[in-house]
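Enquirer: predicted model and sequence follow; I will ask about them next.
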Amino acid sequence: MITTKDLTKNYNGFTALNKLTLNIDEGEIFCLLGANGAGKTTTINILLGFIAPSSGEASINGLPVTGNATETKKHIAYIPETVTLYPNLTGLENLKFFSSLAGHKLHRDELSQLLIKSGLQENAHQKPLRSYSKGMRQKVGIAIALAKNAKVLLLDEPISGLDPKAANEFSEILKELSAGGTTILMATHDIFRAREVAHRIGIMKEGNLVSELEAMDISANELEQLYLKTV
């Protein structure tokens, strides 16, 4: 569902991403770990079509991103560290607006059910976004992804700043989406959360994928030691 081959990005002689090759299957959760500047966000931005690679290839659902960004974006939902929504609109109104941009005209009950499925309490649906916590805003982002019927979910530090309860709720939602066939690529600094939710984990350093492993084959403590040794 997500494929990169020798994906490289250079900026004025600086290599932000160096020959990254990944294959992520349908329904798989793949977590990218690494320090700031390791290449995680660059990878996601190329997959989103926000920036062009210097060389190599990136594909979504078998379709190359380069030259087809408008088409590949139809399969993608993106949740950054801070979801940008309209603070004066309610959660329900934000969902209605963003789902309509994706071409989906949904009834009020359908919108409400998507918010509930995303873990947002029903008594918050009619409250303005300015009153939401970060975790609540992330849930609206998940609902937007559901409304779009996205096959691929790209997440850039979505758990950063969440309290343990909100982070756990977010992780459970990701597992449910994965079980339903959604492919998830998540960039994160959270070693223990990555171990908990991922099927596979990659560790990046200075634009290189230096380790790739099955999450079930390593304990959280072993992963932490490997990460610290790597970075």
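Expert: Thanks, I have it.
Enquirer: who's in contact with the longest helix belonging to the chain?
Expert: Looking across the chain with DSSP state H, the single longest helix is helix 164-179. Residues from elsewhere that reach helix 164-179 (Cβ atoms under 8 Å, 6 or more residues apart in numbering): 27-29, 118-119, 133-135, 138-139, 142, 145, 153, 158-159, 162, 184, 186, 190, 193, 196-197, 199. Every residue, glycine included, has its C-beta placed from N, CA and C.
Enquirer: show me where pLDDT drops low in the protein?
Expert: Within the chain, not a single segment meets pLDDT under 70.
Enquirer: please enumerate the helices of it.
Expert: With DSSP H as the criterion, the chain has helices spanning 40-48, 69-72, 91-101, 108-117, 134-147, 164-179, 191-197, 220-230.
Enquirer: and the fourth one, what does it pack against?
Expert: Applying 3 or more Cβ pairs under 8 Å, 6 or more residues apart in numbering; DSSP states H and E, we find helix 108-117 packed against helix 91-101, helix 134-147.
Enquirer: including mean neighbour count, could the helices of the chain go into CSV?
Expert: CSV is the format used below for those (neighbours: other Cβ atoms under 10 Å):
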stretch, mean neighbour count
helix 40-48, 24
helix 69-72, 15
helix 91-101, 19
helix 108-117, 16
helix 134-147, 24
helix 164-179, 16
helix 191-197, 20
helix 220-230, 14
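Enquirer: out of these, nearest to residue 23?
Expert: helix 40-48 (13.1 Å; Cβ to Cβ).
Enquirer: got a list of contacts for that closest one?
Expert: So helix 40-48 is contacted by 2, 4, 7, 9, 16-17, 20, 32-34, 51-53, 58, 60, 65, 69, 73, 76, 78, 154, 156, 185, 187, 204, 207 (Cβ under 8 Å, 6+ apart).
Enquirer: ok, the residue nearest the centre of the chain - contacts?
Expert: Central residue of the chain (Cα atoms, centre = their mean): residue 155, 1.7 Å from the mean position. Contacts for residue 155 (Cβ under 8 Å, 6+ apart) come out as 78-79, 184-188.
Enquirer: hmm, 7 Å instead?
Expert: Residue 155 is in contact with 79, 184, 186-187, counting by Cβ atoms under 7 Å, 6 or more residues apart in numbering.
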